[in-house]
Every structure is written in structure tokens, then in C-alpha cells.
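Q: I'll drop the sequence and a predicted model, then ask my questions.
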Number of protein chains: 2
Amino acid sequence: MAASSEHPAMTTKPHYLTGDKPGLQEFLDKFDVFLFDCDGVLWSGDHLFPGTVETLELLRNNGKQVVFVTNNSTKSRADYKKKLEVLGIPSSTEEIFSSSYSSSIYISRILNLPENKRKVFVIGETGIEQELNSENVPFIGGTDPAFLRDVKPEDYKRIAAGDPSILDPEVGVVLVGLDFHLNYLKLALAYHYIRRGAVFLATNIDSTLPSSGTLFPGAGSMSAPLIMMLGQEPVSLGKPNQAMMDAIEGKFQFDRSRACMVGDRANTDIRFGLEGKLGGTLAVLTGVSTKEDFVAGPIKPLAYLDKLSDLLNVQL
Amino acid sequence: MAASSEHPAMTTKPHYLTGDKPGLQEFLDKFDVFLFDCDGVLWSGDHLFPGTVETLELLRNNGKQVVFVTNNSTKSRADYKKKLEVLGIPSSTEEIFSSSYSSSIYISRILNLPENKRKVFVIGETGIEQELNSENVPFIGGTDPAFLRDVKPEDYKRIAAGDPSILDPEVGVVLVGLDFHLNYLKLALAYHYIRRGAVFLATNIDSTLPSSGTLFPGAGSMSAPLIMMLGQEPVSLGKPNQAMMDAIEGKFQFDRSRACMVGDRANTDIRFGLEGKLGGTLAVLTGVSTKEDFVAGPIKPLAYLDKLSDLLNVQL
């Protein structure tokens, strides 16, 4: 983990803003854009934190741009908007930035793929497929039931021979996200595509997925066998990787010095904001990292709150 | 990789024995036991090297004990004997030592599991199941079709709650080998068993499996997601780990100074012999490592041959 210890915010004690009305006002005045991590900040699992809706409303009413930034690659922006709706949070698809969308933008607008190498081999769910479609990126794999089968003896020979009926010669990218249907065949194909020159991308590299108050295999765990086999890390398009920040900036065209990242995890959210050289980072204590982590750990936010809705105490 | 640079054989130039009749004789006289890696030494894929059968016969006729040592965990010793037969190599089950057998011995005779924690959760194929049965070790998972299904929403809650109908409270070991039917459910269960205190074992940690002249996901790739999620390495029972050597010695009761490991890979086979402090290591150039690797690399065998059947030139 390349801790950016040279960043000034890393060595300064974070401001504790809960109950500090003038401090809160001064803090909010500094920013036009707020990037929100979601789980652990706005809600936990299926439980919406009290005051979340009102806090977002306060920001929007005061002319702040709100962006929801999620590493969840199984959902498209449209799916995520539905999730926000179910939780009672008004939003527009335009406010949502997911790692599946970030990956699709990176592939379509930043990777300069040769004409005959534009296809993506997907390990992942429908969220990725929908976002690739939205950027007109052709793909194979994903949820296609043709890939939900055992490896057959003849597959080894066809793969070894580079048979185009099993290894599509137009594949120039392997994109790995969370896949609840990961199997041996998909791993074998992904490995051979990358060996044959495909770019190795991951929607995100979180090793675990929080659910029901515990942890399950995350998107990073899908990349792990490939990383071990290839001795090569993927380019990750999720937090804290800056490819995601570049994609967000590309879309919203904001001034980084006037943007603030809000999150509950020091090593992903706060690090994401610090390495992106945003004007500010704001931590909340309703998720993974503790006060101790933020105050005494190596990655310090500019400020922190007990909970997000403490922002409602501001006098704007 | 802990290179055992203190071992004297590591710094001495290996003897080139092809065509050196007196050298060959002197070499063979030093040993009573020969441990053979198989693929790349006796055969390659489905192709038996000429002279393999005669070489093994020469050794046996001169009173040498022959042991076939394989990291292949998908086969039991009985399966492996059949494979040797098909290739035309006479053998007995007693001469075969596989990582699935090594793992079973380790669990039944070395791990001192509490009475109520003796069950093994298996990620792997029938070879492991047969060897666990041969040591009367109870297990779940493996090839049981009940585990070949999608994760359902209620599974998350049941796993999070430690529901004994999905997380067997008697599981005290997770054993991970090559599994052509790896899936999300098996990974999730293995992760939770280990988090709840089960011992994390791997039959072997080879990241790739050679087949049809190329590479496919190996047993190590099945452990990779768990290693990433847990931040913990498994105890591996295959070469080059010495748990396998201890198990072989436990079975054959040989004098290590009178034993020689024969192999084609410096970092597994030769390292296995050197770290096991065997009297000798013999490399052949018919597999993965090159002459350059053996002569100039960090892991040097005591001697090497162009091919195993060059041993037939000896004058015993």
C-alpha cells in the first residue's frame, strides 16, 4: 500500500466537527462537490441512518453537487438508483458513479484499443454488462449461460491451440468484477486471454463483500487466482485507485480543490480523496474505521464526524 | 521463498553425469531410495519418455527403493497407479505418494484435533476424498452435489448467524486442493470455517496445472481467494513443503542421507530435496527448468542428467 505520507493532510490532526457549528459552516463553505461512499455512511446493509435524506437535501438546497461513489460492480447505475429509492434516498442516475461504470468509461474512452481488439471478456454480473452496453463496448462472458459449464477434456487442447471457437481473437480486455458464478472455465479463459495480450482490469479489488453483518468473497477474490497465476496485478477502476477519480472528474468537470470525499474507511475512501488531491476529506464513525484509526492511523481525514447527520447542525 | 542458501549443495557446481560412467556408478552407490517427481521426469503429458521403464527396472533390480512423489491432488494413489499402468510403468500403490495422501496422513496422524472438531471441509476432487476415507477422516464438501449451487439470499444470513445447518460445527479443518467445480458457495463456506477456527490446509500451492503443453489454474489458485480474504497462508502438504517429506519419511522410514530426490523443477523438486536434507538431488533437463537454471540459479542439484534414461549407461 503506497501510503502518500507526503500529503499534508496525512500529518495534521483531523478536526472533530460534531457540535462545532462555526467549524461545520466553515467546512461546508470550502466545497462545491461532495463525493459520498454509501454503505457505512448513508446506510448500513438495509438500514438507512436517520437524517441521511435530510442531510443530502440540505447540501443540494445549498447548491452542492452530490455524487454517490460505490465499488459495487454487480449493479449498474440504474440498479443502484433503484437501491437508493428503496432505501428512501432521492437521486438521479447522473449522481451515481459505480466501479462498473468507471470500468466501462475507462475501456471506451481511455484505453486506446486496436480496432480488432475491442471485445471485453467479463467475469462479473449484469451491472458490468449494462454499463458496457451503455458505452457500446462489445463483450463476451459475464452472465452468458454458455460459460456456466464444466471444463471438458477437449477444452484444454482447444485453449492450448488458441482455437478461435473458444478464445475469441477480438478480446483485448479482461474485466474482473464480483461474480457469484465464478468457475474454473472462466478463470482458465481469463488467464489465457491475458497471456495472449489482453489488458487485465478489475472493477475493484476489495477482497471481501460486507453482507448480513459479516464478510463474503469480494471482487478482489475473483482476481486473486489470476494474480497468483500471472504474477501480475490488474488495473483497478474502483476506490482507492485514481483511475476512478479521473473518470469522475472527466464526467463532472469539477475543481478538485473544491471537492470533498466523505467515507467511513480510511484505507479506501479517505485514501481515495487524499491521493486524488481533493480539497477535503470527511470521515464518519458509522462504518468500518474507528476514531482511533482516523486520529492516530497513517491515513488522516481533514475532518471527522460521529455521524453524517451531524452536518444538520450547521448554520448555513 | 526461503532459499536455503546455507545448504552446502546450493553453492557447489552440480556434477554433469550424462556419459560419465564412473561418476554415475559412484552416484548410484550413495543412495538406497530414489524419490521421483513424475511429469517432466518419467513422462511429459501423455508421452512416456523412452527408457523410463528400463531405468526404474535397473534401480529396482539393484535393490533401490523407488517412490513416486506427485503434487497432483485430484488423484488418489490407486488412481495414480492406474495412470502409471496406462503409461506402461509397473508400480505398486505403496510406491506412490500424492499430496492428497500426504494431506490425509497429516490430518489423521499429525494434527491433534479435538474429538468434536475432526471433520474436514474439502475443496477438491475425488482423489482427496478417497485418501481421507483411507485414513478414516470424516469430511464434507468435495464432490458432493449439494455444494454445486448458487448462493441464495438466505445463505448470507444463515452463514452470518453460524447456523449449524449450513456451517457444520464439527469442521476443524479446511483442505483446499485442485477443484474443477470451485464456486462462490464453497469459497464463502471455507472462509467462514477458517474464521471460526478451522485449520487452513492446502494439498499443494502450485498456482498452475500443466496440460496440453500450456497452463491452467492449479491448486494454489483455489487457495488464492482465501489467502487474500484472510491475510493468511495455508499449510501446504505438497512439494516443496517439508510436511510432505516428513510424511514420506514416516511411511518409508529411510535414512535421509541415503535418499535422492529426482526432478525437473529447481524451485519445487530440487528445493524439496535440499530443504529435506536428503543425501542427494538429481535434476533432469526434460521438464521445466533448464541447464542454466540448475548450473547458474540459486537452487543447485548435486548432479544433473540430460534425461533420466542416461542412468542406463551406468556400470553397476
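A: Structure's in. What do you need?
Q: Determine whether any part of stretch A:138-149 lies close to chain B.
A: No. Between stretch A:138-149 and chain B, judged by Cβ under 8 Å from any Cβ of the partner chain, nothing touches; the nearest distance is 10.0 Å. (Each C-beta comes from the backbone N, C-alpha and C, glycine too.)
Q: pLDDT averaged over that stretch, what's the number?
A: Averaging pLDDT along stretch A:138-149 gives 98.
Q: what's the answer for stretch A:179-194, then?
A: Mean predicted lDDT for stretch A:179-194 stands at 98.
Q: Just checking the distance from that stretch to the centre of its chain.
A: Per Cα atoms, centre = their mean, to the nearest Å, the displacement of stretch A:179-194 from the mean C-alpha position of its chain is 22 Å.
Q: With stretch A:36-43 instead?
A: Offset of stretch A:36-43 from its chain centre (Cα atoms, centre = their mean): 12 Å.
Q: residues in contact with that stretch?
A: Stretch A:36-43 has contacts (Cβ atoms under 8 Å, 6 or more residues apart in numbering or on different chains) with A:45, A:48-49, A:52, A:56, A:66-70, A:87, A:89, A:210, A:239, A:261-265, A:268-269, A:284, A:286-288, A:308.
Q: could you flag which of those residues are buried?
A: Buried subset of the contacts of stretch A:36-43 (neighbour count, 16 or more other Cβ atoms under 10 Å in any protein chain shown): A:48-49, A:52, A:56, A:66-70, A:87, A:89, A:210, A:239, A:261-265, A:268-269, A:284, A:286-288, A:308.
Q: Tell me which of those fall in helices.
A: Using DSSP state H, A:52, A:56, A:87 are the members of the buried ones among the contacts of stretch A:36-43 that sit in helices.
Q: In a markdown table: those residues, plus pLDDT and distance to chain B.
A: As requested, those are arranged in a markdown table below (pLDDT from 0 to 100; distance: Cβ to the nearest Cβ, whole Å):
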| residue | pLDDT | distance to chain B |
| --- | --- | --- |
| A:52 | 97 | 23 |
| A:56 | 97 | 28 |
| A:87 | 95 | 17 |
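Q: and which of those residues is nearest to residue A:139?
A: residue A:87 (29.8 Å; Cβ to Cβ).
Q: Surely the closest one and residue A:48 touch.
A: Yes. Assessed by Cβ atoms under 8 Å, residue A:87 is found in contact with residue A:48 at 4.8 Å.
Q: Any chance of the backbone angles for the residue nearest to the spatial centre of chain A?
A: Closest residue to the average C-alpha location of chain A: residue A:71 at 2.5 Å, with Cα atoms, centre = their mean. For residue A:71, the backbone dihedrals are phi -80, psi -10 (criterion: degrees, to the nearest 10).
Q: Any residues of the stretch 51-200 of chain A in contact with chain B? List them.
A: A:150-151, A:156-157, A:159-160, A:179-184, A:187-188, A:191-192.
Q: Can you select the buried ones among the residues you listed for me in PyMOL?
A: To isolate in PyMOL the members of those that are buried, counting by 16+ other Cβ under 10 Å, one can use:
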select buried, chain A and resi 151+156+159+160+179+180+181+182+183+184+187+188+191+192
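Q: From the residues of the stretch 51-200 of chain A next to chain B, which land in strands?
A: Among those, DSSP state E puts none in strands.
Q: just checking, which of the residues of the stretch 51-200 of chain A next to chain B belong to helices?
A: Those of those lying in helices (DSSP H): A:156-157, A:159-160, A:184, A:187-188, A:191-192.
Q: correct me, but residue A:130 touches residue A:79?
A: Yes. Counting by Cβ under 8 Å, residue A:79 is a contact partner of residue A:130 at 7.5 Å.
Q: higher neighbour count, the two?
A: Per other Cβ atoms under 10 Å in any protein chain shown, whichever of residue A:130 and residue A:79 has more neighbours is residue A:79, with 20 against 17.
Q: roughly how far is the helix or strand that one falls within from the heart of the chain?
A: According to DSSP states H and E, residue A:79 maps onto helix A:77-87. From the chain centre to the centre of helix A:77-87 is a distance of 16 Å (Cα atoms, centre = their mean).
Q: Tell me which residues are up against it.
A: With Cβ under 8 Å, 6+ apart as the criterion, helix A:77-87 contacts A:42-43, A:46, A:48, A:68, A:70, A:72, A:75, A:90-93, A:96-98, A:101, A:126-127, A:130-131.
Q: how does it look with 10 Å?
A: A:38, A:42-43, A:46-49, A:52-53, A:56, A:68, A:70, A:72, A:74-76, A:89-98, A:100-101, A:125-127, A:130-131, A:134 (Cβ atoms under 10 Å, 6 or more residues apart in numbering or on different chains).
Q: Keep only those of those that are in strands.
A: Short answer: the contacts of helix A:77-87 in strands (DSSP E) are A:43, A:47-48, A:68, A:70, A:96-98.
Q: Let me know the closest of the residues you listed to chain B.
A: Set against chain B, the nearest of the ones in strands among the contacts of helix A:77-87 by Cβ to the nearest Cβ is residue A:47 (14.3 Å).
Q: List the contacts of that closest one.
A: residue A:87.
Q: Show me what residue A:16 is bridged to.
A: residue A:304 (DSSP bridges).
Q: Show me just the buried residues among the contacts of helix A:77-87.
A: So, by 16+ other Cβ under 10 Å, the buried ones in these are A:38, A:42-43, A:48-49, A:52-53, A:56, A:68, A:70, A:72, A:74-76, A:89, A:91, A:95-98, A:100-101, A:125, A:127, A:130-131, A:134.
Q: Grab the nearest non-local neighbour of residue A:249.
A: residue A:256 (6.9 Å; Cβ to Cβ, 6 or more residues apart in numbering or on different chains).
Q: Go ahead and confirm that neighbour touches residue A:281.
A: No. If you go by Cβ atoms under 10 Å, residue A:256 and residue A:281 don't touch, sitting 11.9 Å apart.
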